[in-house]
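**Q** Give me a model of this one.
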Amino acid sequence: MPYPLEKLAYGLRRRLRELATPSEAYDLQIAAPNYIGLQPIQKVQLVPFAEFWIDEEGNLGKSLHPECWPKNSHKKPGNSTPEQSRAVPLYIVSRDLQIRIFKENFKMDLIPDYIRLSPKTLYFFDCVLNMAFIESFLKAVDNTIDNITITPCSFTSDNAAKMLFNAPACSVLEHITVTEPSFPLLTWLIETFVEAKRTPLKSFSVYNATISIFKIDKDVLLKFIKAQCENFQLVIFMSDETDWQSALELMKKLFDDQFDRCDKVHYSLKKKLVYIGNDNPYVNCYYILRDD
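**A** As a prediction, the model looks like this:
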């Protein structure tokens, strides 16, 4: 049952402020900026880039990169005690968040409560993404993400992937980058995007792709591409081990009916296109979606 803050006695407000984490204190002061007893003001430090990882001993590692460090920054927040907690600013990850080597038995509640996750760009590297981890991650993030990179990771189930990409935090994604091998398969991921009602993408990039990506149903792929932004790009960088003769045969079946092939395009082209290639410039090609 909600209890109005204004009915709290001054002493209880002071006690509430003492017990609040930096993140909770910040929320309280945003909700009630003029209430006496919720002081001192919770200081905030924006962090454009932050990374978290699990080390070989299973401990959380972290690196925060603020635009500028506040005074006394040599006093590492990770070493603060509860008695020092008021002096710890609330670090808000405001742009790029990188998460590395999180496996099945780790959750985002390992992240200290003096760090708030509000990234626009998200990187998962070498992680095992199960439903428990995804759920804890989505609870920890408090804004929408524009750009997500997953490389090389795997979801433990289709439902874990759906939980991430269908979440409100990912509802306005503009750019997705994935690296194969991955689970679920990229063809499944594209099919899932076709089923979901979401804002159009600007780009979808795949690295180290195998020719299995060209075995997707061409009607599903066409529907996926048509649903995206006017200048949408599907970028596919093939594996170095690609059998290009087999790949070209599959590409011909997949694209020739609805796309025009060309060897280069102008950067200002306002068309939906598919780029396929790798480090070898002789096998790079573009497929431009024809107008209906």
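
**Q** Which of the three states applies to the residue nearest to residue 8 when sequence neighbours are not counted?
**A** Of all residues not flanking residue 8 in the chain, residue 16 sits nearest, at 6.9 Å (C-beta to C-beta, 6 or more residues apart in numbering). All C-beta atoms are positioned from the backbone trio N, CA, C, and that covers glycine. Here residue 16 is recorded as helix under DSSP: H, G, I helix; E, B strand; the rest coil.

**Q** and the lengthiest helix in the chain, which residues are buried?
**A** As assigned by DSSP state H, the longest helix anywhere in the chain is helix 244-255. Within helix 244-255, the residues scored as buried using 16 or more other C-beta atoms under 10 Å are 247-248, 251, 254-255.

**Q** List the contacts of the residue nearest to residue 8.
**A** 8, 28, 37-38 (C-beta atoms under 8 Å, 6 or more residues apart in numbering).

**Q** Scan those and report the most crowded one.
**A** residue 38 (21 neighbours; other C-beta atoms under 10 Å).

**Q** wait, isn't that residue in contact with residue 19?
**A** No: using C-beta atoms under 8 Å, residue 38 is not in contact with residue 19, being 11.7 Å away.

**Q** about what we covered before: and the gap between the residue nearest to residue 8 and residue 26?
**A** Residue 16 sits 13 Å away from residue 26, going by C-beta to C-beta, to the nearest Å.

**Q** cool, and residue 185?
**A** Distance from residue 185 to residue 26, by C-beta to C-beta: 42 Å.

**Q** likewise residue 154?
**A** To residue 26, residue 154 is 35 Å away according to C-beta to C-beta.

**Q** which ones are touching residue 66?
**A** Applying C-beta under 8 Å, 6+ apart, the residues near residue 66 are 45-48, 91.

**Q** Now list the buried members of the residues you listed.
**A** Judged by 16+ other C-beta under 10 Å, buried ones among the contacts of residue 66: 45, 47, 91.

**Q** The second one: helix or strand, and which one exactly?
**A** Okay, so that is residue 47. Assigned by DSSP states H and E, residue 47 falls within strand 44-54.

**Q** Provide the contact partners of the helix or strand just after that strand at residue level.
**A** Counting by DSSP H and E, the next helix or strand C-terminal to strand 44-54 is strand 60-65. Contact with strand 60-65 is made by 47-55, 78, 91, 93, 110-112, 115, as judged by C-beta under 8 Å, 6+ apart.

**Q** swap the cut-off to 7 Å and go again
**A** 47-55, 78, 91, 110 (C-beta atoms under 7 Å, 6 or more residues apart in numbering).

**Q** Next, the angle from the helix or strand hosting residue 220 to helix 244-255.
**A** Secondary structure from DSSP H and E places residue 220 in helix 218-226. Counting by axes from the mean of the first three to the mean of the last three C-alpha atoms, to 10 degrees, helix 218-226 lies at 70 degrees to helix 244-255.

**Q** what packs against helix 218-226?
**A** The elements that helix 218-226 packs onto, with contact taken as 3 or more C-beta pairs under 7 Å, 6 or more residues apart in numbering; DSSP states H and E, are helix 186-195.

**Q** mind listing what's buried in the helix it packs on?
**A** Buried-residue list, helix 186-195, by 16+ other C-beta under 10 Å: 186-187, 189-194.

**Q** Cool, thanks, talk later.
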